[in-house]
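> my questions are about this predicted structure, shown below with the sequence.
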Amino acid sequence: MVKEMSPREFATRADSEPPPVLLDVREDWELAIARLDGVVHIPMGQIPERFRELEADREIVVLCRSGARSAQVARFLEQNGYTRVWNLAGGILAWSEQLDPSLPTY
């Protein structure tokens, strides 16, 4: 079962050292609408060939639009030996609602 973290929980952990990696698995066109600073961007379709770019010992929080794709990617990472993986519950929509209402939704 994939663990979930709310945007507010992520914001409180973002100041830890080292901070969690925020992995954005949305497509380029989605980032053009609503982008967060400091993310690692690997579109979902590229995860199977690129997931090894992520440090396995770092905490990784996976983000998409609403939380469905990111949950699938988090599950994939767990199945491939990543143990510190979280799904960002509600995705960028929840981020906009909970942390930054100026962030466009789509």
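The structure has been received and is ready for your questions.

> name the element Q72 belongs to?
helix 68-79 (DSSP states H and E).

> can you list contacts of that helix?
Helix 68-79 is contacted by residues 2-4, 23, 25-26, 44, 47-48, 51, 54, 60, 62-64, 85-88, 91 when judged by CB atoms under 8 Å, 6 or more residues apart in numbering. Using the backbone N, CA and C atoms, a C-beta is placed for each residue, glycine as well.

> next, the buried residues of stretch 75-86.
Applying a neighbour-count criterion of 16 or more other CB atoms under 10 Å, one finds F76, L77, Y82, R84, V85, W86 buried in stretch 75-86.

> quick check: the farthest pair among the residues you listed?
Spatial extent of the buried residues of stretch 75-86 (CB to CB) is set by the pair F76 and R84 at 14.5 Å.

> in strands, which of the contacts of helix 68-79 appear?
Cross-referencing the contacts of helix 68-79 against strands under DSSP state E gives K3, E4, L23, I60, V62, L63, V85, W86, N87, L88.

> mind putting these into a markdown table with distance to L99?
Below are the ones in strands among the contacts of helix 68-79 laid out as a markdown table (distance: CB to CB, whole Å):
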| residue | distance to L99 |
| --- | --- |
| K3 | 19 |
| E4 | 16 |
| L23 | 17 |
| I60 | 19 |
| V62 | 17 |
| L63 | 12 |
| V85 | 21 |
| W86 | 16 |
| N87 | 17 |
| L88 | 11 |
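
> most surrounded residue in those residues?
Across these, neighbour numbers were computed from other CB atoms under 10 Å; V62 holds the maximum, 31 neighbours.

> got a list of what that one touches?
V62 touches L23, V25, S70, A71, V73, A74, L77, V85, W86, N87, L88, counting by CB under 8 Å, 6+ apart.

> what's the closest non-adjacent residue to it?
Of all residues beyond its chain neighbours, the one nearest V62 is S70 (4.0 Å), with distances taken as CB to CB, 6 or more residues apart in numbering.

> what's the burial count for that neighbour?
There are 29 residues near S70, going by other CB under 10 Å.

> quick one: it from D37, how far?
Noted for S70: a distance of 18 Å to D37, by CB to CB, to the nearest Å.

> and the residue nearest to M5 when sequence neighbours are not counted, what's its pLDDT?
What sits nearest to M5 in space, not counting adjacent residues and going by CB to CB, 6+ apart, is W86, at 4.3 Å. Listed pLDDT for W86 reads 98.
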